[in-house]
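Visitor: Let me see the structure of the following:
(chains A and B)
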2 protein chains.
Amino acid sequence: MQPSNRLHVPARTIMTPGPVEVDPRVLQAMSSSILGQFDPTFTSLMNETMNQLRQVLQTDNHWAFPVDGTSRAGIEAMLCSVIEEGDVVLIPSFGRFGGLLTEIAERCGAKVHLMHCEWGGVFDPKDVIAEMKKIQPKVVAMVHGDTSTGRMQPLEEIGRGCREQDILLIVDAVATVAGTKVLTDEWNIDGLITGTQKCLSVPAGMAPLTYNDRIENILLERKSIEKGLVSQDQLASNTRKIRSNYLDLSQLQDYWSPARLNHHTEATTMLYGLYEGLRLILEEGLENRFERHRLNERALIAGIEAMGLTLFGDNAYKLPTVTCVNIPEGVNGDSVRSMLLEEFGIEIASSFGPLHGKIWRIGTMGYSCQQRNVLLTLASLEAVILRHKVKLNVGEGVQAALDVYQSKERIESV
Amino acid sequence: MQPSNRLHVPARTIMTPGPVEVDPRVLQAMSSSILGQFDPTFTSLMNETMNQLRQVLQTDNHWAFPVDGTSRAGIEAMLCSVIEEGDVVLIPSFGRFGGLLTEIAERCGAKVHLMHCEWGGVFDPKDVIAEMKKIQPKVVAMVHGDTSTGRMQPLEEIGRGCREQDILLIVDAVATVAGTKVLTDEWNIDGLITGTQKCLSVPAGMAPLTYNDRIENILLERKSIEKGLVSQDQLASNTRKIRSNYLDLSQLQDYWSPARLNHHTEATTMLYGLYEGLRLILEEGLENRFERHRLNERALIAGIEAMGLTLFGDNAYKLPTVTCVNIPEGVNGDSVRSMLLEEFGIEIASSFGPLHGKIWRIGTMGYSCQQRNVLLTLASLEAVILRHKVKLNVGEGVQAALDVYQSKERIESV
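Guide: Coordinates of the predicted model:
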């Protein structure tokens, strides 16, 4: 067997809906040496990460911490800790990640009521509220921004409806947090999950989440302490016990509380990355960050349209952090993507299921969301599409994007 | 709200059973920029990581890959993918982590038959085999090295017994892989889980595991493809579906296969670390690495005993990577540990449940397992215990350890 070579990572411009590029300052933080999980310096860092998370998630909830796994680990932790066998869960699904919520909720034993809408659109909140009234679920679980279709569901009205009917609202905000406005408390979201590898711009591997006391009350009812940590007679058996140990939020919150009750060994280096990533977000300021995401989205759209390409989906509900482009007739979308990656070192994404081969998805998230990346992507995409023998308005895409950036500069200099 | 400070991590010598220190070359690898999860450079890295894992886990199994979570995520992935409601599982438990296996297996719906032995000892394999014959479990689940008591269970005879009776053997080898001999195939282990933060000396956050076709056959029977990835009519419903989505090995193996069927977003930076950590292990050579662990263990034990302290547990079955020391009468063990950390920047561990306050646990694992660390720990521990007004054989601990290192050098120079 040949010994492996030292790791070599070539340069990439990553314009997908994640994982995205990471600020070098985050990577530097992640190269710090290890601290023990109960070292007071480390537990302070855990507390400070919770503080920062609350600000980024715009919540006063006490509980805001990462699950050590990728985004869907956080979604499963939330759903399996709340849902019990036979619970009715309403899932209005407008893309692939609504499918994932369904998949996970069913495995948790839920009776799932699905609402579908055409991929490329979102729901009228009134329809969701009417359905809630009809089936009276314990939980409504929804995606905020579904990257598979590039749509964003307005949640405020649905959140109000849930609270009025005393239904829990659980939201997958993996694609939106730190890239566009997500108001956890104001929108009456009871449980919210995000991921590190999108607009937080931290490597994949952690799923920050938050929940309020409506959810905590359920956790406390279902809680049980792990065998081997306390003597046998302190172990009350609980018939409503959460099915997972690793993803049991009632145990995880004990680990993230001053009790620091031993559970897993917190992922040291990932926590360094999350801490630093959150710090950079708060240093930039949420409003500035959202404005940066809007500006780059605007420039990208201007470039795409000026080039002669068209956008997929209902523009009124476009997810600001992902732009879906219709693949021109007769073009092999995967061949374009491969050439972009191989010749230009730039990555854009395809999509899933019914949309595979129909659209490209271009992400503008976190550290990847910068003028340089947008301009290089437009120039390269044009060259590659031309190479695939499709007529375009040559040269116009980059010019249109530059116009957006320069008119912004003109406005600011007034 | 005060803005958080830039991350600052003070220097530490970590002599616990994990997380342990990480080779700077691993941390450097982890500061590489991000690659997309389907970038051919990244998928090659995934394949090469599987190759290296097979060598470190001493197996010809095809499947050897990490779960993106800490060690117990790997344990739960293995157990929840194999165990179905009502399956009988035999767990011979000799410490806290046998308790964890029980906890997880029960949540998976297993009927668990527990065998206990006094903490500090291990099982006579004949007793385990006799119990297997009696209760005829589907699975025997055991810990190889339980760090809570510092004992290591011989597995060869139990493995042979399992194979003869067509019972699956699943082993938690989190504390032993890459620190002492673990022969997955030769010992007839069907499924084996380890963790990154111990002798692999990579930051916590991944759980490498391997399994053979006896386990794969169960996975294939229970497999189902995720909603949203294929059209609805391709989705056969499976009543034996695995309860977790995140920890479903049947889906994870599709993601780690050439099909690369989308599941989670692989934790990029952690994979860089695992790849480089495995590479350094294979560069050192497994036998050399085990010998290094034995040498430092011998020096540590010599030092501890020369100082006048005593070891906990049955020495015949001592876990080579963890040394448990009886806390001297009248000493507050946690006060000694705090002073070691605060004044000397050295961390050792306490233990759990019935052993808390009774023993200290000193790890010699991975990059932490080096002469410098052993000598500094002995010198500092002596000073701190003296400060707690306990009589010791002053100066003798470090001298005895030096004797071990120097006699080794004399032998090698002959």
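
Visitor: does the residue in the stretch 1-150 of chain A that chain B sits nearest to count as helix, strand or coil?
Guide: Relative to chain B, the nearest point of the stretch 1-150 of chain A is A:Gly99 (2.7 Å; Cβ to the nearest Cβ). Glycine gets a C-beta too; all of them are placed from N, C-alpha and C. Classification of A:Gly99 by DSSP: H, G, I helix; E, B strand; the rest coil places it in helix.

Visitor: Now do it, the pLDDT please.
Guide: Confidence at A:Gly99, expressed as pLDDT, is 95.

Visitor: my read: A:Gln37 touches B:Pro19, true?
Guide: Yes: with contact defined as Cβ atoms under 8 Å, A:Gln37 reaches B:Pro19; the gap is 6.5 Å.

Visitor: the more surrounded of the two?
Guide: Using other Cβ atoms under 10 Å in any protein chain shown as the criterion, A:Gln37 and B:Pro19 rank with B:Pro19 on top: 33 against 24.

Visitor: who touches both of A:Gln37 and B:Pro19?
Guide: A:Thr265, A:Thr268, B:Ala204 (Cβ atoms under 8 Å, 6 or more residues apart in numbering or on different chains).

Visitor: neighbours around the closest residue in space to A:Trp119 that isn't next to it in sequence, how many?
Guide: In this structure, A:Trp119 finds its nearest non-sequential neighbour in A:Thr149, 4.7 Å apart by Cβ to Cβ, 6 or more residues apart in numbering or on different chains. Other residues near A:Thr149 number 33, with proximity taken as other Cβ under 10 Å.

Visitor: element containing A:Thr149, please.
Guide: Taking DSSP states H and E as the definition, A:Thr149 sits outside all helices and strands.

Visitor: Phi, psi for A:Leu45 please.
Guide: phi -60, psi -40 (degrees, to the nearest 10).

Visitor: related to what we said a few turns ago, ok now do the residue nearest to A:Trp119, which residues does it touch?
Guide: Contacts of A:Thr149 (Cβ under 8 Å, 6+ apart): A:Phe94, A:Gly95, A:Arg96, A:Trp119, A:Gly120, A:Phe312, A:Gly313, A:Cys324, A:Ser351, A:Leu355.

Visitor: Next one, pLDDT for it please.
Guide: 97.

Visitor: B:Met15 versus that one, what's the distance?
Guide: Look at A:Thr149 and B:Met15: by Cβ to Cβ, to the nearest Å, they are 52 Å apart.

Visitor: Kindly report the same for A:Phe42.
Guide: Distance of A:Phe42 to B:Met15, given as Cβ to Cβ: 16 Å.

Visitor: Kindly report the same for A:Ala259.
Guide: 25 Å.

Visitor: More neighbours: which of those two?
Guide: B:Met15 (30 against 9).

Visitor: shouldn't the more buried one be in contact with B:Thr364?
Guide: Yes: between B:Met15 and B:Thr364 a contact is recorded at 7.2 Å, counting by Cβ under 8 Å.

Visitor: low-confidence ranges in chain A?
Guide: Applying pLDDT under 70 to chain A flags residues A:1, A:228-237, A:414.

Visitor: how about the closest residue to A:Glu343 other than its chain neighbours, phi and psi?
Guide: Closest residue to A:Glu343 apart from its sequence neighbours, by Cβ to Cβ, 6+ apart: A:Val384 at 7.4 Å. Per-residue torsions, A:Val384: phi -70, psi -40 (degrees, to the nearest 10).

Visitor: what about A:Val384, how many residues close to it?
Guide: 22.

Visitor: hang on, A:Gly36 packs against B:Ile14?
Guide: Yes: using Cβ under 8 Å, A:Gly36 makes contact with B:Ile14 at a distance of 5.7 Å.

Visitor: So the two - more neighbours on which side?
Guide: Neighbours were counted for A:Gly36 and for B:Ile14 using other Cβ under 10 Å; B:Ile14 has more, 27 against 22.

Visitor: No further queries at this time; thank you.
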